[in-house]
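Novice: this one's structure only:
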């Protein structure tokens, strides 16, 4: 795995995808993209959508910061152990999210986000083992 994907490629890929996901969730929050196509199609109302989207944006920003720190774009101190732990948590979250996307009600979520979260899980794994 280490020879197939470089740390630089994995980090850059995760940063790009997470940035696009944040923009996507901002568009959902703004009402430009209908909220019925996210969260497995299970959101009941606008209040639920706002709660879930704010949490999602915050979590994606945090993961973006972890990867940016790993890539050397940020420097949050000398201890790299918390970055490694954060990356392993990302592996688990993206893996679980991939499974959740597979059982989504919305077909587009299955088609688009299942492979995307699977790639994020693999890229996060590559960063975590470095």
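Specialist: Okay, I see it. Just so it is clear, the model here is predicted, and its values are computed rather than measured. Residues are numbered from 1 along each chain as shown.
Novice: quick check: buried residues in stretch 87-97?
Specialist: 87, 90-91, 93-95, 97 (16 or more other Cβ atoms under 10 Å). Bear in mind the C-beta positions are built from the backbone N, C-alpha and C, glycine included.
Novice: equivalent analysis for stretch 58-71, please.
Specialist: Buried residues in stretch 58-71, counted by 16+ other Cβ under 10 Å: 60, 63-71.
Novice: which other residues reach it?
Specialist: With contact meaning Cβ atoms under 8 Å, 6 or more residues apart in numbering, stretch 58-71 is reached by 7-8, 11-12, 14-15, 18-19, 21-22, 25, 74-76, 83, 86-87, 90, 124, 127, 130.
Novice: starting at the chain centroid, how far to it?
Specialist: Between the centre of stretch 58-71 and the centre of its host chain there is 9 Å, according to Cα atoms, centre = their mean, to the nearest Å.
Novice: which SSE is immediately downstream of the helix ranked longest in the chain?
Specialist: Secondary structure of the chain per DSSP state H: the longest helix is helix 46-71. As assigned by DSSP states H and E, the chain's next helix or strand after helix 46-71 is helix 81-102.
Novice: show me the contact partners of that next one.
Specialist: Applying Cβ under 8 Å, 6+ apart, the contact partners of helix 81-102 are 40, 62-63, 66-67, 69-70, 109-110, 113-114, 117-118, 120-121, 124-125, 127-128.
Novice: give me the pLDDT value at residue 1.
Specialist: In the prediction, the pLDDT value recorded for residue 1 is 55.
Novice: lowest mean pLDDT among the helices and strands, pick that one out for this protein.
Specialist: Here the helix or strand of the chain ranked lowest by mean pLDDT, DSSP states H and E is helix 107-108, holding a mean of 82.
Novice: residue 72: neighbour count?
Specialist: Using other Cβ atoms under 10 Å, residue 72 has 10 neighbouring residues.
Novice: and it, how far from residue 39?
Specialist: 33 Å (Cβ to Cβ, to the nearest Å).
Novice: and what of residue 6?
Specialist: Distance, residue 6 to residue 39, by Cβ to Cβ: 33 Å.
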